[in-house]
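Asker: Need a 3D model of the sequence below.
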Amino acid sequence: QLEPMTDEQLRAAWAAIQGEWVALVDRVKAMSPDTPLKSVNGEWSLRDTFRHLIFAMDKWFRWPILGERTFSPIGLPNTGSRDFGWPGVDLNADPSFDEVLDQSAVYADAFTRYINERSITDLPESVEVLENGAVPALMCFHVVLEEEFEHLRYPLRDLDLL
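Answerer: Numbering: from 1, shown residues only. Next up, the predicted model:
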């Protein structure tokens, strides 16, 4: 489901992943208020995981597909990409969990609207992705799904330990 080839498959995969994130956030809200800021074994906290997903959405959707030319200041690149010089990213940002959730919701809503209003058959053959160069446009959607799915596993694991 992480590499859908039809509009319906893309929408279903996105809805399933988003449903899991909503359940996770609901679970976290029932825990201690500092839970989203806790790290387990040196991994990103839940807040920073969301910050990374904001960054991934900028890199793989907003820049190449929507044509946005700046990144959210609160986005968090992966360690190997921190020094790339991402436009707008503030590597010293320290947003609250609520600020991160708000930004994440705005991005998720934009992604949802896009996939509900357009067809993947109308995508250009390739787009430019910062740091990666020209890639098939559909790959951008696959990477967003993969990032959301893979990074969901870590907080689920870590919350069980917390």
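
Asker: Dihedrals phi and psi, the one residue sitting closest to the centre of the chain?
Answerer: For the chain, Leu53 is the residue whose C-alpha lies nearest the centre (Cα atoms, centre = their mean; 2.6 Å). Torsion angles at Leu53 (phi, psi; degrees, to the nearest 10) stand at phi -70, psi -30.

Asker: per-residue confidence for Val127?
Answerer: We have a pLDDT of 98 for Val127.

Asker: That should have said Tyr154, apologies.
Answerer: At Tyr154, the model reports a pLDDT of 92.

Asker: next one: Asp160
Answerer: On pLDDT, Asp160 comes in at 86.

Asker: which SSE is the closest residue to Gln18 other than its chain neighbours in?
Answerer: Here the nearest residue to Gln18 in space, its sequence neighbours aside, is Ala108; by Cβ to Cβ, 6 or more residues apart in numbering that works out to 6.3 Å. Heads up, the C-betas are built off the backbone N, CA and C, glycines and all. Using DSSP states H and E, Ala108 sits in helix 97-117.

Asker: Any chance you could list what contacts the next helix-or-strand element following that helix?
Answerer: Per DSSP H and E, helix 97-117 leads on to strand 126-129 as the next helix or strand towards the C-terminus. With contacts defined as Cβ atoms under 8 Å, 6 or more residues apart in numbering, strand 126-129 is touched by Lys59, Trp60, Trp63, Pro64, Ile65, Ala134, Val135, Pro136, Ala137, Cys140.
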